[in-house]
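Undergrad: I'll drop the sequence and a predicted model, then ask my questions.
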Amino acid sequence: MDISDDEREFLHGMRALEINEAGDEVYVGLSRAESVEFLDLMRQYETGTLPPGSTERFEALRKRHEETRRAIVAGEAPINHSAPDGSR
């Protein structure tokens, strides 16, 4: 995903990112395509430029991501930080 090293470090600390089966960095609970969409919508939300009509989609993605992230933090779900070949 198109995030800075500082953003990546912060999001890893928050248990918000993982590596999926294809080796892609994704937001937990979301697919690769959803992660890219969520990142774009989140940046728009944070700058107050979220287009009308996008709020419902943003909230649905955020809810699914946050539910998964909270389960990981609580130890109720696994997280994968390694690529399929075992590298990071």
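TA: Perfect, thanks for sending it.
Undergrad: which residue sits closest to residue 62, ignoring its sequence neighbours?
TA: Spatial nearest neighbour of residue 62, chain neighbours left out: residue 38 (7.1 Å); criterion: Cβ to Cβ, 6 or more residues apart in numbering. The way it works is simple: take the backbone N, C-alpha and C, and place the C-beta from them, glycine included.
Undergrad: can you map out the strands along the chain?
TA: Secondary structure of the chain, counting by DSSP state E: strands at 17-19, 25-27.
Undergrad: how about the ones you listed in CSV, adding mean neighbour count?
TA: Below are the strands of the chain laid out as CSV (neighbours: other Cβ atoms under 10 Å):
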stretch, mean neighbour count
strand 17-19, 21
strand 25-27, 22
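Undergrad: contacts only, for the residue nearest to residue 62.
TA: By Cβ atoms under 8 Å, 6 or more residues apart in numbering, the contact set of residue 38 is 27, 30, 58, 61-62, 65.
Undergrad: rerun at 7 Å
TA: 27, 30, 61, 65 (Cβ atoms under 7 Å, 6 or more residues apart in numbering).
Undergrad: for residue 14, see how far away the last one is.
TA: When distances are taken as Cβ to Cβ, to the nearest Å, residue 65 and residue 14 turn out to be 11 Å apart.
Undergrad: can you flag which of the contacts of residue 38 belong to helices?
TA: The members of the contacts of residue 38 that map onto helices under DSSP state H are 61, 65.
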